[in-house]
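Asker: any chance you can model this:
(3 chains)
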Amino acid sequence: MDAGDISWWSVLIAVIGGAIRVSTPYLFVSLGETLTEKSGRVNLGLEGVLVVGAMSGYATAVLTGEPWLGVLVAGLAGAALSLVHALVCSLPRVNDIAVGISLFIFGTGLAFFLGKPFINPSAPRLPDIDFAWWSSSPQVQSALKINILFIAGFILALFMAWALKTTRWGLMLRTVGDSEEAAKALGYNILRVRMLGTVAGGFLAGVGGSYLSLYFPGTWNEGLSSGQGLMAVALVIFARWDPVRCFYASLLFGGATALGPALQTVGITTNYYLYGAAPYFLTLAVLIYSSSPQKALEGAPGEVSINR
Amino acid sequence: MTDLPNLDFPPPPEVEIWKLTKHFGAFTALDDVSFKIDPGSFHALLGENGAGKSTLVKCLMGSYRADGGSILIDGKETVITSPRQAQQQGLGMVYQHFTLIPSMTVAENLILGEPDLPQVMNWAKARASLTAFMAKMPFKLDLDRLVSSLSAGEKQKLEILKQLRLGSRFLILDEPTSVLTPDEADQILGLMRRLTDEKRISVVLISHKLREVESYADEVTVLRQGKHAGQGRVAELNRSDMVRMMVGDEPSTTSSTRDTAGNGAVVLALQGLGVENDKGLPAVRSLDLAVRSGEIVGIAGISGNGQTELVEVLAGQRALLAGALEVSGKPYYRTRSEMRTHRVKLLPEAPLQNACVRGMSVAENLSLRLYDEPPMSLAGFWLNRAAMRDRASKLIGQFRIKTQGPDAPIETLSGGNVQRTVLARELADGAALLIVQNPCFGLDLKAVAEIRQRILDTRNAGGAVLLLSEDLDEIMELSDRILVMSEGQIVYETTRAAAKVQDIGHHMAKRDI
Amino acid sequence: MNSSGLLSSAEAVTINVAAFAFTMAIFGVYVAALGHNPVDVYYVLYLGSFARQISIESTLTNAAPLMLTALCTAIPARAGLLVIGGEGALVVGGVATVLAGVALGDAPFLPGVAMMCLAGALAGGTWIGLVGALRQYRGVNETISSLLLNYIAIALMYHLITGPIRDWERVLKTSSWSIPESLRVGEMEFIGVHWGLAAGVSVCLILYVIMRRTTFGFGVDILGGNPRAAQMAGLPINRMVILCCFIGGAMAGIGGAFEVMAVHGFASESLAVGFGYAGILVAFLSRQNPAAIIVLAILLGGITASGGLLQRRFDLPDATTQVLQGLLFMVVLASNAAYGRLSVFQPASWRTA
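Answerer: Take a look at the predicted model:
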């Protein structure tokens, strides 16, 4: 075994560790988007929601010293912003995708505006759990420091999969997203269900944002998010609107995002920006692969407009 | 048939509708209508499209609020404000458009309608109860199948099962058989009939099919233009009485001087045509077809057997997966220049959705075929909107399109006038090949007669006409040759002279054999 | 234009003006909540955008790329696609312009500039044309793919300007090689705004005429209004969609070309400053009408231009204008619900037909 093998081995560990570290925002935003799309709407504005979540969570943690309170505030801020999306989309003849774009612009603007004073102060980080007591390798140790939000996201994915099948709320949500006609016949309040789906989705995306600012990378600045909120929309298509598959897809996307930095750790710095674009290429490839000009996307809720 | 289930319901309610009135703006959809449905009766509600049948049952089900009159249930005046409330009164409706959720299983769909759905389902218990329920039902469905994989007949059964599961004792069936084969229709209506005979439920059947009314209903109420136009016991009425109530004293005009047809050159030739539907399932399968100039070939069939997909392929709205498509002996790729050279014209169903641009004016819609030709454009490039409007004004007069003018948006026209607009556009300069699907759906009798006459005129002028219709009478009236389409294939062919309704009906129903 | 066209234009103007006023009211409440006097803020917005020669020039300089990126959304939108890739198309257009400019070396001014515009247009057009092709041949949702291509374009630019085409002599800013001084485009004679504005206004007017008065524009309107009707009329839909995407992308690419030729002289992160996203807003405000884009791009350019003054006078962050833009976008979208509701604009007689 020569030195080259060892460095590739450490790249792999770094990618796996990075996947776990980076995937959490993808996971929360994609679970949020799944909720929203299951109700029949697309919220492209989750990118804005994510950034607002990151900013408000960070600001709260700075001001109170309580990172978990920051997570909660981030979720609430995300919910509030998504409520705007839900309300505007409830008006007739309003295109939900366009509203998402406006929310994206508005949300990031708002976050940069209100977050300006918080760029310098540092906030307490969210704690993590060390799963690498068995290993002496520093790389493995850093890869297996796992944040509680990651575990919470995993449990949440399982819970959502269960809830969508088994709870009254889940059935109602799926009905509204799949067939307005059927939902009307059942006497469901379509607008209210969609509102709740969108707001709950926004809460999750906000929490995902707080992970960015409070754990990894763990600072607040204007370049914090690199489109995770937007990619989550494609990720949901990839996961075919299934929460558990969202978890796997998030890990995959997290791994792709971690590729550039992982290569950098072993001294490969050329093409850094190209590796950095890996998640976008991956998303595009996934879309090209999973779309079809003739058929609707498999598993898509019937009322979702992304499905044409 | 299997044993009837033991439905442990209380007896069905007596429902009386009294002087019910409903306006939509200036339009009166329902005008002072009264009648009564006895417990356990099978009551038909008959009328043409737009006669007010749907409005009436929507008032009954609480989807609409009536502007006047009242509904009495078991003699008590009852205000019904929502379908849910109607449900509590034991009223249930099986909609014409299915209200099932395609991505859910049969079990989930059955459970969903239950009024006291718990916050967290106990699926083990629910399944046990559903299995027990299913065992008592005369028709069975696999609880785990996805609704999207059910056939139309199975979906209809599921809709009815859903209502019975909810304990509805007063079932409104809104044209339940329009998507079914005659066999499926007989099976379902037969079951409903037996349930009413045993006074377990009352049934209101909305239909415009006289055969069904005659075979299954006890009583019939006829609506015409929102008014009560007659009623009686079916046993005491004959067919012409009912027709007169439905359409008034106006005779249903059948025109047509038939030229002898069938020896012209082949205009449309399809060989081994294969097409998929939106879900990627085969919709048209190795279909062969030839239409000659100077003949009308009618294709009969239950809707959903590939007719729409066939028309879409011919219109260029759907990809051709297999087979050859030729027009006038040449391969046909459905391009604009071919359409123009071969004078291929189309009158698809739902013309506003399939053949018009909603946001555009009548004049613009009338120009869709020829806007890039002189005089409406210079050198195929520069538009001449004045010429567009002039030509439109002429066509509006010629085809008697009722509109405020060529600049009125097409959406402001009534359905019949949209149909006329498309007809005018497609037939203004004649057609060598005309493809028509359900051209008279939902139109009043005068418009029907006129449109049918124009189709005949096209044939008489030497055009080849392919007519697809769910209305067997229309096929019988117009066609020179009659084909039956089932499961994406032509399963039967006959000439007009030799055609028998029974034979055609039998072949339409063939799919389960 | 016929009477119904006039009426619907009047309707659009009225609703947009109301939406703008409403947005300003909300924005006023927002700045008031932050402890500023809204009237002062409005006044500074006006000062920074339209009050003086210098602010007007700054407004128009911002408006030029906005017109071009707005077309990147507006033209495909007429064919029924929601493309939001203006940012990426502007960036690739800018990078292609740099490459062309460096390759051209000491070419004469006019042909050189024409070639650089062409390079920008081809790059941007191909970029968005790809979006249209993916949509038509693979069914890939164009909104998402164009958005991803924005990120990919920016990553590609960073890749190039940090390595292959980096100007290592410029230390303070990471940037690409510069185009030759002789190929730099200057300001117009009569006003201190570069020629990109003239280019933007001209292409908007040309595209307005094409979309409104030619058979191509009519065909695109059929397609955008109802693809099924377009199929039935036998129109070459794939070609039309890809062409519309190409045109849109090419316009944003020209926007990038002028940013390089007239403003920066090289490619750097300053190309990706959000003109593409603001362009989406301009396209929606103008209801995809190229002529209206001119006016609304100037309005939006004014908002952007006043950002600096807002920062200096009230210490408001530079994201203020983005908040205002997002707000305006949302209100305008919400105002779509008002169309057809104002009885003044509804010839009542039509409805009874």
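
Asker: any idea how far residue A:218 lies from chain B?
Answerer: 38 Å (Cβ to the nearest Cβ, to the nearest Å). Quick note: C-beta positions are derived from backbone N, CA and C, even for glycine.

Asker: contacts only, for the nearest residue to residue B:123 once chain neighbours are set aside.
Answerer: Nearest non-adjacent residue to residue B:123, counting by Cβ to Cβ, 6 or more residues apart in numbering or on different chains: residue A:166, 6.4 Å away. Going by Cβ atoms under 8 Å, 6 or more residues apart in numbering or on different chains, residue A:166 touches B:120-121, B:123.

Asker: show the pLDDT at residue C:347.
Answerer: At residue C:347, the predicted lDDT confidence score is 50.

Asker: could you do residue C:351 as well?
Answerer: Looking at residue C:351, its pLDDT is 40.

Asker: before we move on, what about residue B:5?
Answerer: Predicted confidence (pLDDT) for residue B:5: 47.

Asker: what residues does the stretch 151-300 of chain A put near chain B?
Answerer: A:165-169, A:171, A:174-175, A:178-179, A:181-182, A:184-187, A:294-296, A:299 (Cβ under 8 Å from any Cβ of the partner chain).

Asker: quick check: ChimeraX command selecting the buried ones in those residues.
Answerer: Here is the ChimeraX selection string for the buried members of those, based on 16 or more other Cβ atoms under 10 Å in any protein chain shown:
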select /A:166,167,168,169,171,174,175,178,179,181,182,184,185,186,187,296
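
Asker: take the residues of the stretch 151-300 of chain A next to chain B and keep only those in helices.
Answerer: If you go by DSSP state H, those have A:165-166, A:168-169, A:171, A:174-175, A:178, A:181-182, A:184-185 in helices.

Asker: show me which of the contacts of residue A:166 are buried.
Answerer: Taking 16+ other Cβ under 10 Å as the criterion, what is buried in the contacts of residue A:166 is residue B:121.

Asker: confirm for me that residue A:280 is in contact with residue C:152.
Answerer: Yes. The pair residue A:280 / residue C:152 is scored as a contact, 5.0 Å apart, by Cβ atoms under 8 Å.

Asker: neighbour-wise, which of these two wins?
Answerer: Between residue A:280 and residue C:152, counted using other Cβ atoms under 10 Å in any protein chain shown, residue A:280 has the larger neighbour count: 25 against 22.

Asker: distance of that one from chain B?
Answerer: 29 Å.

Asker: next: residue C:199.
Answerer: Between residue C:199 and chain B the computed distance is 24 Å (Cβ to the nearest Cβ).

Asker: am I right that that residue is in a helix?
Answerer: Yes. Assignment of residue C:199 by DSSP: H, G, I helix; E, B strand; the rest coil places it within a helix.

Asker: do a quick rundown of the helices in the stretch 151-300 of chain A.
Answerer: Along the stretch 151-300 of chain A, the segments classed as helices by DSSP state H, counting those that start in this stretch run A:168-178, A:180-185, A:190-214, A:228-238, A:243-265, A:272-276, A:278-290.

Asker: check whether whichever helix in chain C runs longest contacts chain A.
Answerer: The longest helix of chain C (DSSP H) is helix C:3-33. No. Using Cβ under 8 Å from any Cβ, we find that helix C:3-33 stays clear of chain A, coming within 9.3 Å at best.

Asker: right, and the helix or strand after that helix?
Answerer: Using DSSP states H and E, the helix or strand that follows helix C:3-33 in sequence is helix C:38-46.

Asker: name the residues that touch that next one?
Answerer: Contacts for helix C:38-46 (Cβ under 8 Å, 6+ apart): C:24, C:27-29, C:31-32, C:302-303, C:306, C:309-310, C:313-314, C:316.

Asker: list the buried residues for that helix?
Answerer: The neighbour-count check on helix C:38-46 (16+ other Cβ under 10 Å) flags C:38, C:41, C:44-45 as buried.

Asker: mind listing what residue 144 touches?
Answerer: Picked chain A for this. A:17, A:20, A:130-132, A:135.

Asker: chain C was what I was after
Answerer: A:230, A:233-234, A:283, A:287, A:306.

Asker: pull the most distant pair out of those.
Answerer: Maximum pairwise distance among those (Cβ to Cβ): 13.5 Å, between A:283 and A:306.

Asker: for the two, indicate the residue with more neighbours.
Answerer: The residue with more neighbours, out of residue A:283 and residue A:306, is residue A:283; 28 against 20, by other Cβ under 10 Å.

Asker: for the more buried one, give me its contacts.
Answerer: By Cβ under 8 Å, 6+ apart, the neighbours of residue A:283 are A:231, A:234-235, A:238, A:253, C:144, C:148.

Asker: pull out the buried members of these.
Answerer: By 16+ other Cβ under 10 Å, those give A:231, A:234-235, A:238, A:253, C:144, C:148 as buried.

Asker: output the below-cut-off pLDDT ranges for the stretch 151-300 of chain C.
Answerer: Nowhere does the stretch 151-300 of chain C drop to pLDDT under 70.

Asker: try 90 this time
Answerer: For the stretch 151-300 of chain C, the stretches with pLDDT under 90 are C:163-164, C:169-173, C:186-192, C:273-274, C:285, C:287.

Asker: for it, what spans make up the strands?
Answerer: Counting by DSSP state E, counting those that start in this stretch, the stretch 151-300 of chain C has strands at residues C:175-178, C:266-268.

Asker: I'd like the ones you listed laid out as CSV, including mean neighbour count.
Answerer: Shown next, in CSV, are the strands of the stretch 151-300 of chain C (neighbours: other Cβ atoms under 10 Å in any protein chain shown):
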stretch, mean neighbour count
strand C:175-178, 22
strand C:266-268, 25
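
Asker: what about residue B:368, how many residues close to it?
Answerer: 24.

Asker: meant to ask about residue A:240
Answerer: Using other Cβ under 10 Å, residue A:240 has 15 other residues around it.
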